[in-house]
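1. Predicted model and sequence below, questions to follow.
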Amino acid sequence: MKNQTRKHSSIRNVIQQNILRPMLATVLITLSTGSLHAAPFGSAEDIGYAGKVWNALQQAQLAGSGRIVSTPYQGSHPHGAILNTIDSQITVEGQQGTVIVKNNYGGEGVSKQAVANNPDKYLMAVTVMFKRPGYDADNKDWFWVKYAADGSVMKNPMKMALAGRVAKGMPEGCIACHKAAPGDDMVFNHNRYAQ
Ligand code: HEC
């Protein structure tokens, strides 16, 4: 009798594993892809648009090998030990807008002097805010993107590409943190674009 019970329960286990597990997996996959679709950033469209922004930045000599290099300064978390930042205007898909490009430098031996001498060696990321009229009224119409030095879009630990309305509605990320900027344009450095 004991044996039979064990047998039954092991059959039940097998049935549960083979039927319930895949069912659960399907439910989880559906839920997670559902939420991915709803994510306000990291879509193929966002990544495509980020590519166009990068091209426009290269043309304007604001990114890439021929870029204008300004004097590096001491940075703070999360952007890196040493930074430089340039404000300008670029045109993407026929739409002209303000752009802020922040180069984030780090790595062993990083210092203002080292970066000034060899900016490419220490460039860890390029974080960009580009104002697209009508794009995101809740957040001053900024398109947010974090590139690697080669212009590819970087990902967060959840493997989501950091381009678009980055982490909108979430407690951490570009938008959440920049909401705390003084003034009225989600920019820390100045309040010029709030007028
Ligand atoms: C935890 C807070 C925090 C997060 C997250 C954050 N930033 Fe920033 N960001 C700052 C601070 C503070 C400054 C100004 C100080 C500095 O230069 O480091 C800044 C400056 C900038 C600037 C220069 C304009 C300005 O506001 O002065 C850009 C561009 C920028 N961040 C882009 C991004 C992008 C894109 C992301 C997301 C991929 C991001 N930031 C995530 C805190 C944050």
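-> Nice, thanks for sending it over.
2. can you count the residues close to Gly97?
-> Gly97: 19 surrounding residues under other Cβ atoms under 10 Å. The C-beta positions use only the backbone N, C-alpha and C, and glycine is treated the same way.
3. for Val128, that is, sorry about that
-> If you count neighbours by other Cβ under 10 Å, Val128 ends up with 24.
4. and the closest residue to Gly107 other than its chain neighbours, what does it touch?
-> Residue nearest to Gly107 in three dimensions, not counting chain neighbours: Tyr122, with 5.1 Å by Cβ to Cβ, 6 or more residues apart in numbering. Applying Cβ atoms under 8 Å, 6 or more residues apart in numbering, we find Tyr122 in contact with Ile82, Tyr105, Gly106, Gly107, Val110, Ala114, Val115.
5. Spatially, what comes nearest to the first one if we skip its sequence neighbours?
-> So that's Ile82. Closest residue to Ile82 apart from its sequence neighbours, by Cβ to Cβ, 6+ apart: Tyr105 at 4.1 Å.
6. Quick one: neighbours of that neighbour, just the number.
-> Tyr105: 26 surrounding residues under other Cβ under 10 Å.
7. Who does it form a beta bridge with?
-> Tyr105 has these beta-bridge partners by DSSP bridges: Ile82, Leu123.
8. from now on call the first residue 40
-> Sure thing, new numbering starts at 40, so read that last one as Tyr144.
9. Check what pLDDT it gets.
-> At Tyr144, the model reports a pLDDT of 96.
10. returning to what we had before: filter the contacts of Tyr161 to the buried ones?
-> Among the contacts of Tyr161, those buried by neighbour count (16 or more other Cβ atoms under 10 Å) are Ile121, Tyr144, Gly145, Val149, Ala153, Val154.
11. What is the nearest of these to Val138?
-> Tyr144 (19.3 Å; Cβ to Cβ).
12. Which residue, neighbours along the chain excluded, lies closest to the residue nearest the centre of the chain?
-> Nearest residue to the geometric centre of the chain (Cα atoms, centre = their mean): Leu201, 2.1 Å. In space, and not counting its chain neighbours, Leu201 is closest to Lys185: 4.1 Å by Cβ to Cβ, 6+ apart.
13. Is there proximity between the helix or strand containing the one you found and the ligand?
-> For Lys185, the element it lies in under DSSP states H and E is strand 181-186. Yes. Interface with the ligand: strand 181-186 contributes Trp183, Val184, Lys185 (Cβ under 6 Å from any ligand atom).
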